[in-house]
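In: Curious how this folds, go ahead:
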Amino acid sequence: MAPKPIPIENAMVELERMNAFLSRPLLLIGGLAVHQYEPTRQSQDIDLVCDHETQNEIVARLYPTADWDRVENHQDSYRPEWVFERRVNPIGFPAVRFGPKILECGPYGPMEWEAFLKGAEPVHFQGRKLKNILVPRVEKLCLMKAISFLSRNRDLESKIKQDLQDFTDLSNHRDFNSNAFYNLVREWNVEVAISEGFAKAQGDLKRILDSSSLRAIANLFLAPDGSVKQTTFQPTGSADPVDFPLIEPEATDQCASGVDENNWLKGNIVQTASIKTDTSDLFLVWLDISPGWRSEEAREFLLTGSSSALHMTVETVYDVFGKHDMLVKLRGNADDNQICAVLEDEMGRQGFLGPRKGKHYHCSPLVLDVVNEHIVFKARDQRTIRRGITAFLHLSDLPVAELDDAVEMVRRAVGNKAAARLVGLFEADRDVVAEIYLSCGGYYDLAKLVFQIESELNNNTNYEVKRTTLLVMNKSIPQQAAI
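Out: Residues are numbered from 1 along each chain as shown. Coordinates of the predicted model:
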């Protein structure tokens, strides 16, 4: 049974206590944040974004064990769910549920937490402002709910409906600016994910979505047959790119095993190169495309472009959520500096690598020269694969002496997860990149899995593991492409 919503009055009293205790502002998200824009919205818990230390201070100082019973339901330091109940409670105060989002977990999908703080306003309660409890702008909160709707485990039907209802209510708010919302969608490069994901809404979900003003506006621009008119970039090269859009499989009995009905992920991981001799010609390249709305053109250029300066064959282009826009696998008889120079020259002349965050783009720190590859046996027909969620976990600045141990720890950590499989494992001088497949679930499941892996690595090493997580939205494979 789902927990009952905490009465708004009680939730606000707790927020006032937290506001008085805090020395710096924190971000409020979830149902209580939506309540600031839609007063009928109730919430089960208090969702604050904070670091581990702040969470521990709030729990210890505001809910001391002398007065409160404390339980952490999730037993997960990255996604805790605290329940506080008064020990002396003659008039039946409801339990307080505190579900902080921990900063050490990394960004929310493609969006950095700092981005939500810009333009955020203090929570209002009975004419008072809680200066240390901030609520994101309505457009940012709306986009957060859209991404939450798209990425949730599809088994959580009630939460999926609530995400979509929140999106609809926020998009209908009088202060909602559709132009600002669209700029955020482009800035965070989620056009494809939103377009394809919302198009699948059927039944009750479609009825909820149809009440959004954004949906009503979109319907004005439908073609007579009801389809959306689309303009497709036409590549000039001879290659014919093959796209494999992300398809999240429905839950089945196979779900827990981490394989589909063809058991395509059952192959053992095999080594294909030697770290001592660097026989691998593989490079992993992280790209930030600027402006972001040119990502489709940049992808087509990578799949079909050509250059006489160096022969580099593009193997795969991934559109990703995270700190970067694309991850490219390519092969070439060169070093990372040469690869970088060609990419900057060829893509720079096309205008794909313009200024970003006030500084000119430099790709050299983002070119990884892979010296050791481990891959799984490939499926016989990649076109028939039912893909779940794929992610890349990049561990960087590892001590050279610990590299082999790090590879084995990643292999064991992923292998211990029932629904996860390693698709590939790549080594460089001080880096390890794991390509991970999650057979079912959504972004939250994948994020939790990656955080568990990171926690296991940290617990078994004497050094800090620096990591970057990228969630794959789309995978494109050229039939023939070289730049």
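In: On the three-state scheme, residue 90 is what?
Out: Three-state call for residue 90 (DSSP: H, G, I helix; E, B strand; the rest coil): coil.
In: List phi and psi for it.
Out: Note on residue 90: backbone dihedrals following degrees, to the nearest 10 are phi -70, psi -30.
In: so what pLDDT did it get?
Out: pLDDT for residue 90: 74.
In: try residue 37
Out: Note on residue 37: pLDDT of 95.
In: Residue 48 too?
Out: Value for residue 48, per-residue pLDDT: 93.
In: Tell me the helices and strands packed up against the helix or strand where it lies.
Out: According to DSSP states H and E, residue 48 maps onto strand 47-50. Strand 47-50 is packed against strand 26-29, helix 30-35, strand 101-102, with contacts defined by 3 or more C-beta pairs under 8 Å, 6 or more residues apart in numbering; DSSP states H and E. Where you see a C-beta, it was placed from the backbone N, CA and C, and this is true even at glycine.
In: Need those in TSV (columns: distance to residue 366 and mean neighbour count).
Out: What follows is these, written out as TSV (distance: least, C-beta to C-beta, whole Å; neighbours: other C-beta atoms under 10 Å):
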stretch	distance to residue 366	mean neighbour count
strand 26-29	29	23
helix 30-35	34	24
strand 101-102	27	18
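In: what's the least confident stretch among the ones you listed?
Out: For the helices and strands packed on strand 47-50, where the average pLDDT is lowest is strand 101-102, sitting at a mean of 84.
In: quick one, domains of this structure?
Out: 8-187, 242-477 (automatic domain parsing).
In: Lowest average confidence across those, which one?
Out: Within these, confidence is poorest for domain 242-477, with a mean of 67 (mean pLDDT).
In: For residue 74, which residues are in contact?
Out: 80, 81 (C-beta atoms under 8 Å, 6 or more residues apart in numbering).
In: whoops, residue 113 was the one
Out: Neighbouring residues of residue 113 by C-beta under 8 Å, 6+ apart: 27, 49, 101, 103, 107.
In: Can you tell me how far the fourth one is from residue 26?
Out: Which is residue 103. 10 Å (C-beta to C-beta, to the nearest Å).
In: next one: the third one
Out: Using C-beta to C-beta, we find residue 101 at a distance of 10 Å from residue 26.
In: repeat for residue 177
Out: On the measure of C-beta to C-beta, residue 177 and residue 26 end up 25 Å apart.
In: for the stretch 1-150 of the chain, what spans make up the helices?
Out: Secondary structure of the stretch 1-150 of the chain (DSSP state H, counting those that start in this stretch): helices at 8-21, 30-35, 52-62, 113-117, 138-151.
In: and if you look at the stretch 251-400 of the chain?
Out: 295-304, 336-349.
In: quick one on the thing from earlier: got the helices of the stretch 1-150 of the chain as TSV, with distance to residue 298 columns?
Out: What follows is the helices of the stretch 1-150 of the chain, written out as TSV (distance: least, C-beta to C-beta, whole Å):
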stretch	distance to residue 298
helix 8-21	44
helix 30-35	34
helix 52-62	37
helix 113-117	22
helix 138-151	22
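In: do you know which of those lies nearest residue 452?
Out: Residue 452 sits nearest to helix 52-62 of all the helices of the stretch 1-150 of the chain, at 15.6 Å, using C-beta to C-beta.
In: residues shared between the contacts of residue 101 and residue 26?
Out: Counting by C-beta under 8 Å, 6+ apart, the common neighbours of residue 101 and residue 26 are 48, 49, 50.
In: Just the closest of those residues to residue 146, please.
Out: residue 49 (18.2 Å).
In: gap between the closest residue to that closest one other than its chain neighbours and residue 337?
Out: Excluding the flanking residues, the one nearest residue 49 by C-beta to C-beta, 6 or more residues apart in numbering is residue 27, at 4.2 Å. Going from residue 27 to residue 337 by C-beta to C-beta gives 40 Å.
In: same thing with residue 92?
Out: 69 Å.
In: who's more crowded, those two?
Out: Taking neighbours as other C-beta atoms under 10 Å, residue 92 and residue 337 compare with residue 337 leading, 11 against 6.
In: how close does that one sit to residue 369?
Out: For residue 337, the distance to residue 369 - C-beta to C-beta - is 9 Å.
In: Ok, residue 32 next?
Out: Going from residue 32 to residue 369 by C-beta to C-beta gives 48 Å.
In: try residue 81
Out: From residue 81 to residue 369 the distance is 43 Å (C-beta to C-beta).
In: One more: residue 82?
Out: 45 Å.
In: So for the two, which sits in the more crowded spot?
Out: Neighbours were counted for residue 82 and for residue 369 using other C-beta under 10 Å; residue 82 has more, 22 against 18.
In: nearest residue to that one other than its sequence neighbours?
Out: Leaving out its chain neighbours, residue 82 is closest to residue 98 (C-beta to C-beta, 6+ apart), at 4.1 Å.
In: Sort out which residues of stretch 92-102 are buried, please.
Out: Neighbour counts using 16 or more other C-beta atoms under 10 Å place 95, 96, 97, 98, 99, 100, 101, 102 of stretch 92-102 among the buried residues.
In: Format those residues as a markdown table; extra columns: distance to residue 138.
Out: Output for these, formatted as a markdown table (distance: C-beta to C-beta, whole Å):
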| residue | distance to residue 138 |
| --- | --- |
| 95 | 30 |
| 96 | 26 |
| 97 | 24 |
| 98 | 24 |
| 99 | 22 |
| 100 | 23 |
| 101 | 19 |
| 102 | 25 |
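In: ok so, going back, so what's the residue nearest to residue 49 up against?
Out: By C-beta under 8 Å, 6+ apart, the residues touching residue 27 are 48, 49, 113, 116, 117, 120, 134, 135, 136.
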